[in-house]
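Asks: I would like the atomic coordinates for the input below:
(one chain, ligands or ions: 3)
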Amino acid sequence: MRATCWQGRENVRVEEVPDPQIMNARDAVVRITSTAICGSDLHLYHGYIPTMRHGDVLGHEFMGEVVEVGPEVETLRIGDRVVVPFPIACGNCRACQSGFYSLCENSNPNAGLAEKLLGHSPGGIFGYSHMLGGYAGGQAEYARVPFADVGPIKVPDELPDEKVLLLSDIFPTGYMGAELCGLTGGEVVAVWGAGAVGLLAMRSAYLLGAERVIAIDRFPYRLRMAREQAGAEPLNYDDVDVVEALREMTGGRGPDACIDAVGMEGHHSSAVLHGYDRAKQSARLETDRPHALREAIMSCRNGGTVAVIGVYGGYVDKFPIGSLMNRSLTLRTGQCHVQRYSRMLLDRIRRGEIDPSFVITHRLRLDDAPIGYEMFRQKQDECVKVVLRT
Ligand code: NAD
Ligand code: ZN
Ligand code: ZN
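Replies: Ligands and ions are numbered 1, 2, ... in the order given. Take a look at the predicted model:
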């Protein structure tokens, strides 16, 4: 089959690789019809996630048709149309039973590698380094799906791929970002990053009762989408001091909740401050550039919540722990527990409450994955979300 393979920094190629096969009784093989490129894939593309190997098959956002099932998969049949969540989860362990699917205790065979960096290991993720399981990903024609009786959700034929594909990751992730804010109604929520994840967090914040949502980014086309498609008030961090501006917009208090939908490759409008973190990152003195996280903490109102859904990898510098501690802030975070949300969000899509496909800007063929990665990375052609069709 054809698959998008990591070749090293800023280099992916679509190559011929062996077809996946059933290895365990609870596996299924899915013929992929649509798959997407994620901001998380850019962290791999840029070489910031350790334990990638030449030839690794990328991709963790995919859907398609079940073509083979292991003998213990009773919930799926050949021919079913399914969306597959990006975290691989057994459904039975203590983490899964508590709804922490991305922390499954049975899905990462390389837990020892993750423990070195993280203390304890999270669960496995499709196409996301050997430290997180070494599973082949879904930017390919086929994928092996472990624990296929737990994760994949069947989707009805009348909903086109684009309306449901994003249930594999970024719609539940955006939703979880808003849910972590503990909204009860009437809050002001600020979201750093108007990428696909941030945009879906903004929409979700309104679904969960926020009164105002403020979007922070520097790309005018993304801020325009935030305003037009997600009803957010845009703030361009190239033009204003974000902490100051947010204070002014909220009567001096700051937003009730702040969502970091940027993660480890944050950018700073000040060349000096951006250079500081870039240099430290290059010298491996810190692994991540936490500009958005620092600002989110400094901006949040006293006693408020900071939700981190942007992905971080290791260690950061100049972390404002004093602000966090002295002002009774709550920090909540996680790789999304997609399985917790996907069925409920599918129902919302079916009822017409939301159509997450508004973030999709580019449709390419699988063979054009390298073009998709470059365009997305450079934010060319007003790119927000690339979908690849097989
Ligand atoms: P993206 O690259 O399209 O968007 C990131 C946006 O952040 C860009 O628009 C960029 O301009 C903006 N940005 C950079 N520095 C900023 C700053 N200092 N302040 C405000 N905005 C800034 O990526 P995406 O697909 O939207 O993903 C966003 C993040 O979410 C990534 O870190 C990705 O890994 C993460 N993610 C997490 C999960 C999860 O389960 N927690 C799932 C999917 C994606
Ligand atoms: Zn993703
Ligand atoms: Zn589990």
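Asks: count of neighbours near Asp260?
Replies: Here the number of neighbours of Asp260 (other C-beta atoms under 10 Å) works out to 31. The way it works is simple: take the backbone N, C-alpha and C, and place the C-beta from them, glycine included.
Asks: ignore the last one, Glu374
Replies: 14.
Asks: quick check on it: phi, psi?
Replies: phi -70, psi -40 (degrees, to the nearest 10).
Asks: for the lowest-mean-pLDDT helix or strand in the chain, buried residues please.
Replies: Ranked by mean pLDDT, DSSP states H and E, the weakest helix or strand in the chain is helix 271-282, scoring a mean of 83. Residues of helix 271-282 classed as buried: 276-277, 280-281 (neighbour count, 16 or more other C-beta atoms under 10 Å).
Asks: and the host helix or strand of Asp41, what does it pack against?
Replies: Using DSSP states H and E, Asp41 maps to helix 39-45. Here helix 39-45 touches helix 369-377, going by 3 or more C-beta pairs under 8 Å, 6 or more residues apart in numbering; DSSP states H and E.
Asks: what's the closest non-adjacent residue to the residue in the stretch 51-200 of the chain that ligand 1 sits nearest to?
Replies: Nearest residue of the stretch 51-200 of the chain to ligand 1: Gly195, at 2.3 Å (C-beta to the nearest ligand atom). In this structure, Gly195 finds its nearest non-sequential neighbour in Gly39, 5.5 Å apart by C-beta to C-beta, 6 or more residues apart in numbering.
Asks: ok, back up a step: tabulate the buried residues of helix 271-282 in TSV, adding columns for distance to ligand 1.
Replies: Shown next, in TSV, are those (distance: C-beta to the nearest ligand atom, whole Å):
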residue	distance to ligand 1
Tyr276	13
Asp277	10
Lys280	16
Gln281	14
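Asks: can you tell me if stretch 342-351 touches ligand 1.
Replies: No - Stretch 342-351 is not in contact with ligand 1 by C-beta under 6 Å from any ligand atom; minimum separation 12.6 Å.
Asks: and that stretch, how far from the chain's centre?
Replies: Using C-alpha atoms, centre = their mean, to the nearest Å, the mean C-alpha position of stretch 342-351 is found 19 Å from that of the whole chain.
Asks: ok, stretch 365-380 next?
Replies: Averaging C-alpha coordinates over stretch 365-380 and over its chain gives two centres that are 17 Å apart (C-alpha atoms, centre = their mean).
Asks: in that stretch, which residues are buried?
Replies: Those would be 366, 368-370, 372-373, 375-377, for stretch 365-380 by 16+ other C-beta under 10 Å.
Asks: thinking again about what came up before, how much space is there between the residue nearest to Gly195 and ligand 2?
Replies: Distance of Gly39 to ligand 2, computed by C-beta to the ion, to the nearest Å: 7 Å.
Asks: how about that residue, what does it touch?
Replies: By C-beta atoms under 8 Å, 6 or more residues apart in numbering, Gly39 lies in contact with 195-197, 263, 310-311.
Asks: tell me the mean pLDDT for stretch 148-161?
Replies: The pLDDT scores in stretch 148-161 average 97.
Asks: touching it from outside, list them.
Replies: Identification of contacts with stretch 148-161 by C-beta under 8 Å, 6+ apart yields 26-28, 30, 33-34, 63, 66, 69-70, 72-76, 80-85, 87-91, 96, 101, 145, 164, 167, 338-339, 342-343, 346, 349-350, 387, 389.
Asks: just the buried ones from the residues you listed?
Replies: The neighbour-count criterion (16+ other C-beta under 10 Å) marks 26-28, 30, 34, 63, 66, 69-70, 73, 76, 80-85, 87-90, 96, 101, 145, 164, 167, 338-339, 342, 346, 349, 387 among these as buried.
Asks: near ligand 3 too, which of these?
Replies: 89-90, 96 (C-beta under 5 Å from the ion).
Asks: of the residues you listed, which belong to helices?
Replies: Among these, the members found in helices (DSSP state H) are Cys96.
Asks: okay, now the residue in the stretch 251-390 of the chain that ligand 1 sits nearest to: neighbour count?
Replies: Residue of the stretch 251-390 of the chain nearest ligand 1, by C-beta to the nearest ligand atom: Gly263 (2.4 Å). The number of residues packed near Gly263 is 26, by other C-beta under 10 Å.
Asks: pretty sure it contacts His291?
Replies: No - the pair Gly263 / His291 is not scored as a contact, 10.4 Å apart, by C-beta atoms under 8 Å.
Asks: tell me which of the buried residues of helix 271-282 is nearest to Ile216?
Replies: Using C-beta to C-beta, Asp277 is the member of those that lies nearest Ile216, at 17.5 Å.
Asks: so for the closest residue to the closest one other than its chain neighbours, what's the pLDDT?
Replies: Of all residues not flanking Asp277 in the chain, Arg289 sits nearest, at 4.1 Å (C-beta to C-beta, 6+ apart). On pLDDT, Arg289 comes in at 90.
Asks: out of the contacts of stretch 148-161, which are inside helices?
Replies: Among the contacts of stretch 148-161, the members found in helices (DSSP H) are 96, 164, 338-339, 342-343, 346, 349-350.
Asks: switch these over to a markdown table; also include distance to ligand 2.
Replies: Output for those, formatted as a markdown table (distance: C-beta to the ion, whole Å):
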| residue | distance to ligand 2 |
| --- | --- |
| Cys96 | 20 |
| Val164 | 15 |
| Val338 | 10 |
| Gln339 | 15 |
| Ser342 | 13 |
| Arg343 | 19 |
| Leu346 | 17 |
| Ile349 | 18 |
| Arg350 | 23 |
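Asks: got CSV for those residues, with pLDDT too?
Replies: CSV is the format used below for the ones in helices among the contacts of stretch 148-161 (pLDDT from 0 to 100):
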residue, pLDDT
Cys96, 98
Val164, 98
Val338, 98
Gln339, 98
Ser342, 98
Arg343, 98
Leu346, 98
Ile349, 98
Arg350, 97
